[in-house]
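K.L.:
predicted model, plus sequence, below.
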Amino acid sequence: MSFMKKKTIIISVASVLALAVAIAAVWAILANRNTAPDNKKSNHVISGLSEPTQITSIIKERDFTAPSETATQAPEDTDETVDEQTVYNAANIPAVTELKRLGGQPDSINLVWRDTKGVKGYRVYWKRSGVKDAIYTLFSTVKRANLEIRNLPQGSKYDFKVVAFIADEYGSYEGKAAECTFATEPKAVSGFKLTDATSDTTTMSWTKNDNADGYIMQRCYGGVWSEYKTFDADTTEFTDKELSGGRAYFYRISSFREDSDGKLESETADIYTVAGMTAPTDNGSTSRLGRVSLDFNRSQYAEGYEVYFSLDKKNWELLDEVTEPHYSSTRLTDGETYYFRVYPFKNISYLKVRGPFLALSFTANTEIYDKQVGDTYIEVSLSDQHMWYVKDGSVFLDSPVVSGNKSTMDTPKGFYSILSKASPCTLKGDDYVSYVDYWMAFIGGSYGLHDASWRSNFGGNIYNGDGSHGCVNLPNDIAKKLYNNASVGTPVIVY
């Protein structure tokens, strides 16, 4: 019995000692917690960025000292992945690295950077680049290592700072920022056009893009595109020299924004031209009888000409495409001013290549030969080899014609009227006799308008060598309609 009692006493003493040790340990933890808070405070280091409100308030309330020597050091910049369980304090938050712009878009910037495990997230600060006195402001806080910023103006540029941060019960703390400048894709160049050309030069111009840092021009010659010239932001004209006459040259120009990831280019604007295909020159264009007659000299290498008109010099409409250097408009509004452009062109493979244009303008005028023309008359243009019958102010009938043989039997120019009509009629001259169905005389009995059944073609240059004896020859169906609608006394104007 005495042996058993002794053993029980020994166990009781051991239990007491264990309890005392446990109590002492708890007391030490509590004492450390109450007497050494500055050890924890010493690790709170705030970055130099503009601090959010909650960080600023902590700075004001607490006195931060340098971190202790035992603080965990910042990880080295290696390719090794940081363990997700890594715990950072304010002294070793890793810097953001590999900040890039992912691609280029007209209205957005997609930021990406190297992901850092163990941080709470990232703050993205920004400011408008190049703006005096602009300051960084917090744009967004994100969990992942990317951020797409949308709905931005085209061609805008921004400075960015991206930081990783951690947080505890006292606040949040940022690491070193990655800094870059990124832009959105600029607008395409507008107003890219040919402005002049000589036998071996081509001059181009374009409209200044206020959101561009410069322009890049490419040139295609011999089927190969290559970057040709780079211009600064203020350049809006370029003359390419020593070109081979008659050869096609293609140009592309784009505006660019330059940022931390290089040149961000816009869509291209194109020009196709033929060296030496210059603008036509005027050759006596005029306004007559409420219409405009455009006469111009041929452009070397041109296969034809496009004629455009405008009422405001802004909105242009294609009127016609002609192969001869002449165009006559339909009847225009009396007193209205019309603007014209004549472009020479040449077909290169599947492309219609245009040269620089001839610009002309006229005010429609119904007066001719010092006489005011009314709303009903017959008009004959010798240069056009064309006839119009205007009735009550509108073109009722028009047709190609063949006038008197050029330079030997020209149809007389002037202001006349229909003197007589006959159907049928026999026309006689010194060396001819012609039977016609419809005769409308306007100068005595010698000159008139009539059908010519012996002809199969009208218009063009037929009158230059195979013209009439001075009359105006019409297709049979046109002569019939004119005869049945025009009366004796109807004015006939030949010019």
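P.N.:
All right, it came through fine. Numbers count the residues shown, from 1 in each chain.

K.L.:
can you give the domain ranges for this protein?
P.N.:
The chain breaks down into these structural domains: 55-68+83-183, 193-274, 286-365, 371-494 (assignment by automatic domain parsing).

K.L.:
mean neighbour count added to the ones you listed, as JSON lines?
P.N.:
Every residue, glycine included, has its C-beta placed from N, CA and C. Conversion of these to JSON lines gives the following (neighbours: other C-beta atoms under 10 Å):
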{"stretch": "domain 55-68+83-183", "mean neighbour count": "16"}
{"stretch": "domain 193-274", "mean neighbour count": "16"}
{"stretch": "domain 286-365", "mean neighbour count": "17"}
{"stretch": "domain 371-494", "mean neighbour count": "17"}
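
K.L.:
ok, which of those comes nearest P280?
P.N.:
domain 286-365 (4.0 Å; C-beta to C-beta).

K.L.:
how far does the closest one sit from its chain's centre?
P.N.:
Relative to the centre of its chain, domain 286-365 is centred 25 Å away, using C-alpha atoms, centre = their mean, to the nearest Å.

K.L.:
what's the first-to-last distance across it?
P.N.:
Domain 286-365 stretches 10 Å from its first residue to its last (C-alpha to C-alpha, to the nearest Å).

K.L.:
what average pLDDT does it get?
P.N.:
Per-residue pLDDT values across domain 286-365 average out to 92.

K.L.:
same thing with stretch 474-487?
P.N.:
What stretch 474-487 shows for mean pLDDT is 97.

K.L.:
ok, residues contacting that stretch?
P.N.:
Identification of contacts with stretch 474-487 by C-beta atoms under 8 Å, 6 or more residues apart in numbering yields 378, 387, 389, 391, 396-397, 399-401, 418, 421, 423, 436-438, 440, 449-453, 455, 458.

K.L.:
what does stretch 343-360 give?
P.N.:
Contact partners of stretch 343-360, identified using C-beta under 8 Å, 6+ apart, comprise 194-197, 248, 272-274, 277-282, 285, 294, 296, 299, 301-306, 308, 339-342.

K.L.:
in strands only, show me these.
P.N.:
Secondary structure defined by DSSP state E assigns 194-197, 248, 272-274, 294, 304-306, 308, 339-342 of the contacts of stretch 343-360 to strands.

K.L.:
shaky segments in the protein?
P.N.:
For the chain, the stretches flagged by pLDDT under 70 are 1-85.

K.L.:
what about 50?
P.N.:
Residues of the chain that meet the criterion pLDDT under 50 lie in 1-18, 21, 23, 25-82, 84.

K.L.:
tell me where it has helices.
P.N.:
Listed from the start of the chain, the chain has helices (DSSP state H) covering 2-35, 38-41, 53-61, 463-466, 476-485.

K.L.:
quickly note the distance from L264 to S487.
P.N.:
As judged by C-beta to C-beta, to the nearest Å, L264 and S487 stand 72 Å apart.

K.L.:
pretty sure I418 contacts A441?
P.N.:
Yes. At 7.1 Å, I418 counts as touching A441 under the criterion of C-beta atoms under 8 Å.

K.L.:
next, the contact list for F340, please.
P.N.:
292, 294, 307-309, 359-362.

K.L.:
and the closest residue to Y215 other than its chain neighbours, how close does it get to S254?
P.N.:
Leaving aside its chain neighbours, Y215 sits nearest to F231 (4.4 Å; criterion: C-beta to C-beta, 6 or more residues apart in numbering). Using C-beta to C-beta, F231 is found at 11 Å from S254.

K.L.:
next: G460.
P.N.:
With distances taken as C-beta to C-beta, G460 is found 45 Å from S254.

K.L.:
same thing with G155?
P.N.:
Here G155 is placed at a distance of 12 Å from S254 (C-beta to C-beta).

K.L.:
now do the shared contacts for those two.
P.N.:
Where contact means C-beta under 8 Å, 6+ apart, the residues bridging G155 and S254 through contact with each are S266.

K.L.:
starting at the chain centroid, how far to stretch 347-366?
P.N.:
With C-alpha atoms, centre = their mean as the basis, the distance from the averaged C-alpha position of stretch 347-366 to the chain average is 22 Å.

K.L.:
same deal with stretch 115-132?
P.N.:
Using C-alpha atoms, centre = their mean, the distance between the centre of stretch 115-132 and that of its chain works out at 33 Å.

K.L.:
send the alpha carbons of that stretch over as CSV?
P.N.:
What follows is the C-alpha trace of stretch 115-132 in CSV, where atoms were taken according to Å, rounded to 0.1, in the frame of the first residue of the first chain:
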residue,chain,number,x,y,z
ASP,A,115,1.9,37.5,-62.5
THR,A,116,3.2,37.5,-58.8
LYS,A,117,1.9,34.8,-56.5
GLY,A,118,1.1,35.7,-52.9
VAL,A,119,0.1,39.3,-53.4
LYS,A,120,-3.5,40.6,-52.8
GLY,A,121,-3.7,42.2,-56.3
TYR,A,122,-2.5,45.1,-58.4
ARG,A,123,-3.2,48.8,-58.7
VAL,A,124,-3.1,50.5,-62.1
TYR,A,125,-2.4,54.2,-62.1
TRP,A,126,-2.5,56.4,-65.2
LYS,A,127,-2.2,59.9,-66.6
ARG,A,128,-2.5,61.5,-70.1
SER,A,129,0.9,61.4,-71.7
GLY,A,130,2.4,64.7,-72.8
VAL,A,131,-0.1,66.8,-70.8
LYS,A,132,1.6,69.5,-68.7
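
K.L.:
quick one: N315 from N484, how far?
P.N.:
Distance check for N315 against N484: by C-beta to C-beta, it reads 40 Å.

K.L.:
same question, E169
P.N.:
For E169 relative to N484 (C-beta to C-beta), the value is 105 Å.

K.L.:
got it, and F309?
P.N.:
Relative to N484, F309 is positioned 33 Å away (C-beta to C-beta).

K.L.:
likewise for A145?
P.N.:
Taking C-beta to C-beta as the measure, A145 falls 87 Å from N484.

K.L.:
equivalent analysis for D320, please.
P.N.:
Counting by C-beta to C-beta, the gap from D320 to N484 is 29 Å.

K.L.:
would you mind measuring from S407 to G467?
P.N.:
If you measure S407 against G467 using C-beta to C-beta, the figure is 9 Å.

K.L.:
which residues touch the nearest residue to S423 once chain neighbours are set aside?
P.N.:
Taking C-beta to C-beta, 6+ apart as the measure, S423 lies nearest to Y438, with 5.2 Å between them; neighbours along the chain are not counted. Under the criterion of C-beta under 8 Å, 6+ apart, the contact partners of Y438 comprise 421, 423-425, 450-451, 474, 476, 479-480, 482-483.

K.L.:
now render those as CSV, adding distance to T239.
P.N.:
Output for those, formatted as CSV (distance: C-beta to C-beta, whole Å):
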residue, distance to T239
K421, 62
S423, 64
P424, 65
C425, 63
H450, 56
D451, 56
L474, 51
N476, 56
A479, 55
K480, 58
L482, 53
Y483, 59
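
K.L.:
look up how far G276 lies from G246.
P.N.:
6 Å.

K.L.:
shared neighbours, these two?
P.N.:
Y301.

K.L.:
which neighbours do F231 and S254 share?
P.N.:
Counting by C-beta under 8 Å, 6+ apart, the contacts common to F231 and S254 are 215-216.

K.L.:
can you pull the phi/psi pair for the residue nearest to S423?
P.N.:
phi -140, psi 120 (degrees, to the nearest 10).

K.L.:
ok, G429 - contacts?
P.N.:
By C-beta under 8 Å, 6+ apart, G429 lies in contact with H469.
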